[in-house]
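Asker: model this:
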Amino acid sequence: MCQKRLVMRIRDKNKGVSKVVDFEKIDEMISIIASGEIPESQTFNEFAVNFYLETKIVPLSKYLKMEGKTNKMPKIMNTKKSGELLFHTQKNEEILKFLKKRGYQKTPELNFTCVMLLRKVDSMSNWKKLLSYFEGKGTIEEINNSTRIQLLPDEEKKIEEFIKINLGVSETELNWLKDKFKIIYENKEILRSIKKIAR
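Answerer: From the prediction side, this is the model:
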C-alpha cells in the first residue's frame with residue numbers, strides 16, 4: 001500500500017538501506033510551511049533542518065504533485081533547500097569562517113522570504129546571496145537576476161536562431177515571445193494557468 005497516512009519504508013538509493021518515512025508528519029510540516037507560521041517552540045532554522053531530514057529521501061516535488069499541493073511548491077521546495085544548506089553548514093568550517101568574517105558569530109536565522117534566493121548551486125554561493133539580501137544590497141528578484149548566467153553575444157544569437165527555426169517564428173515574433181515569457185516566468189499564477197490550458 002502507498003497511502004500518505006502510513007509510515008513507510010523507502011530505500012535510500014545512496015546508502016542502499018531502507019528508512020522509515022512518516023508521511024503524516026511530512027504533511028503536517030507542509031501545512032505549516034503553507035501557512036507561513038512556524039511553531040513558537042522552534043526557530044525557522046530548526047524547523048527547516050527537521051523538514052530536510054524528514055524529506056531527504058522523498059521525491060518531494062513528485063509527492064506534492066500527487067497530493068495536489070503544487071500551489072505552494074516553490075515555497076516548500078525552497079524550505080527543504082534551506083534545511084539542506086543549514087544542515088551542511090553546521091559541519092563546514094570554510095563557510096562558518098566566512099560567516100564569522102562577515103560579522104555572523106552564529107548561523108544567521110533564515111525565513112520564508114529569503115529562502116527564495118536558494119538555487120541548486122554550492123553552499124558558499126547560496127550564502128553569498130543570502131548575506132547580500134540581509135545587508136540590503138537588493139531585493140530577492142534583483143539578487144536572483146544579478147546572479148543569472150550572462151550569455152555572450154554569439155551564444156545568444158545561436159539560441160535565438162535555434163528557437164526561431166524550431167518554433168517557426170520571425171524576429172518580431174521572437175521579440176514578442178521573449179517579452180511575454182519574462183512576464184510568465186515572473187508570475188507563477190500565469191504559468192500555472194498556461195500549463196492547465198496547454199495540455
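Asker: Least confident secondary structure element in this protein?
Answerer: Ranked by mean pLDDT, DSSP states H and E, the weakest helix or strand in the chain is strand 7-12, scoring a mean of 52.
Asker: Show me the chain divided up by domain.
Answerer: The record's domain parsing of the chain by automatic domain parsing lists 7-146, 153-197.
Asker: can I get those domains in JSON lines with mean neighbour count?
Answerer: To be clear about C-beta, it is placed using only N, CA and C from the backbone, and glycine gets the same treatment. Formatted as JSON lines, those follow (neighbours: other CB atoms under 10 Å):
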{"stretch": "domain 7-146", "mean neighbour count": "15"}
{"stretch": "domain 153-197", "mean neighbour count": "11"}
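Asker: Lowest average confidence across those, which one?
Answerer: Note on the domains of the chain: lowest mean pLDDT is at domain 153-197, with a mean of 84.
Asker: Find the residue at the geometric middle of this protein.
Answerer: N78 (3.2 Å; CA atoms, centre = their mean).
Asker: Tell me how far the nearest residue to that one once chain neighbours are set aside lies from L167.
Answerer: Closest residue to N78 apart from its sequence neighbours, by CB to CB, 6 or more residues apart in numbering: V115 at 4.4 Å. Distance from V115 to L167, counting by CB to CB, to the nearest Å: 35 Å.
Asker: for this structure, what spans make up the strands?
Answerer: Remark: strands assigned in the chain by DSSP state E are 7-12, 17-22.
Asker: residue contacts, T43?
Answerer: E109 (CB atoms under 8 Å, 6 or more residues apart in numbering).
Asker: List the contacts of Q42.
Answerer: With the criterion set at CB under 8 Å, 6+ apart, Q42 makes contact with N50.
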